[in-house]
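Visitor: please work out how this folds:
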Amino acid sequence: MEIKGLILHARKAFVIEHFGEEAWQKVLSSLPERDREVLSEIILTAQWYPFEIGSRLDNAIVKVLGGGDKKIFEEIGVKSAQRGLLKIHQSFLTPGDPQAFMKKAKVIYKFYYDTGYREYEETGPTSGVMTTYEAETFSQPDCLTVIGWYKEALKLCGAREVEVVEEECRARGGSCCRYRFKWVI
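Guide: Residues are numbered from 1 along each chain as shown. Predicted coordinates for the structure are as follows:
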């Protein structure tokens, strides 16, 4: 499975913005040489990269900067949504209609991942369930990033008090990754 460089770029930008360039260098130094080479070059946001590089980068961020707490990835997801959705992917947003935004989950998924698919089912006027199927690779940090990204995206569409519960996760032995969303307008 491959991921877009935008995902790697968002993690790098988050680390530098919140911890500084020196912290990014510490994260890089904890990675295998080949990963360091790839991540030290210009990360092309539209290029595909191996998911495994992203997974190793995630583990390094947790170890070096997160003190072992993977919750740091929810904040990375928030910052990634702000960067991407307020700039190059602004057309995904549907101000005033968070439900319409969530219905684009299938299309949005293909912009970031090359295998698997995502479905969204509306369960009420301000709620729904999003499920990711058949992704070849997966990780808890990636799921936390998804949660942070969608929380922020919903807020950018006018939702408030956004709650997300990951009901099932492949990284924890589930058959899919399923997220239950609820918000207030």
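Visitor: please, which helix or strand holds Thr45?
Guide: Under DSSP states H and E, no helix or strand contains Thr45.
Visitor: likewise the one 10 residues further on?
Guide: Assignment of secondary structure by DSSP H and E places Ser55 within helix 51-64.
Visitor: next one: Val27
Guide: helix 21-29.
Visitor: and the helix or strand following that helix, what does it pack against?
Guide: Note on helix 21-29: by DSSP H and E, the next helix or strand toward the C-terminus is helix 33-40. Packing partners of helix 33-40 (3 or more C-beta pairs under 8 Å, 6 or more residues apart in numbering; DSSP states H and E): helix 21-29, helix 51-64. Yep, even glycine has a C-beta here, placed from its N, CA and C like the rest.
Visitor: run through who's touching the last one.
Guide: Here helix 51-64 makes contact (C-beta atoms under 8 Å, 6 or more residues apart in numbering) with 1-3, 7-8, 11, 15, 23, 26-28, 30-32, 35, 38-39, 68-70, 72-73, 76, 136-137, 139, 141-142.
Visitor: domains for the protein, by residue range?
Guide: Domains of the chain are assigned by automatic domain parsing as 2-72, 94-184.
Visitor: quick one, strands of the protein?
Guide: 2-4, 48-50, 117-124, 127-133, 160-168, 177-184 (DSSP state E).
Visitor: the closest residue to Ser175 other than its chain neighbours: what's it in contact with?
Guide: Once flanking residues are discounted, Ser175 sits nearest to Glu168: 7.0 Å by C-beta to C-beta, 6 or more residues apart in numbering. Applying C-beta under 8 Å, 6+ apart, one finds that Glu168 lies in contact with Gly174, Ser175, Cys176, Cys177, Arg178.
Visitor: count the neighbours of Asp97 for me.
Guide: Counted with other C-beta atoms under 10 Å, the neighbours of Asp97 add up to 14.
Visitor: distance of the closest residue to it other than its chain neighbours relative to Glu37?
Guide: Computed as C-beta to C-beta, 6+ apart, the closest residue to Asp97 that is not its neighbour in sequence is Cys157, at 6.5 Å. Between Cys157 and Glu37 the computed distance is 39 Å (C-beta to C-beta, to the nearest Å).
Visitor: how about residues contacting the biggest helix by length in the chain?
Guide: Secondary structure of the chain read by DSSP state H shows that its longest helix is helix 140-156. Residues outside helix 140-156 that contact it (C-beta under 8 Å, 6+ apart): 7, 54-55, 58-59, 61-62, 70-71, 73-78, 80-82, 85-86, 92-93, 95, 98, 101-102, 130, 132, 162, 164, 166, 169, 171-172, 177, 179, 181, 183.
Visitor: what's the angle from it to strand 177-184?
Guide: Relative orientation of helix 140-156 versus strand 177-184 (axes from the mean of the first three to the mean of the last three C-alpha atoms, to 10 degrees): 30 degrees.
Visitor: restricting to C-alpha, output helix 140-156 in CSV.
Guide: Provided in CSV are the C-alpha atoms of helix 140-156 (Å, rounded to 0.1, in the frame of the first residue of the first chain):
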residue,chain,number,x,y,z
GLN,A,140,-3.1,3.0,15.3
PRO,A,141,-1.3,6.3,14.6
ASP,A,142,-2.9,6.5,11.1
CYS,A,143,-6.3,5.9,12.6
LEU,A,144,-5.8,8.7,15.2
THR,A,145,-4.7,11.0,12.4
VAL,A,146,-7.9,10.2,10.5
ILE,A,147,-9.9,11.0,13.6
GLY,A,148,-8.2,14.4,14.1
TRP,A,149,-8.5,15.2,10.4
TYR,A,150,-12.2,14.5,10.2
LYS,A,151,-12.9,16.3,13.5
GLU,A,152,-11.3,19.4,12.1
ALA,A,153,-12.8,19.0,8.7
LEU,A,154,-16.3,18.8,10.2
LYS,A,155,-15.6,22.0,12.2
LEU,A,156,-14.5,23.7,9.0
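Visitor: all good on my end, thank you.
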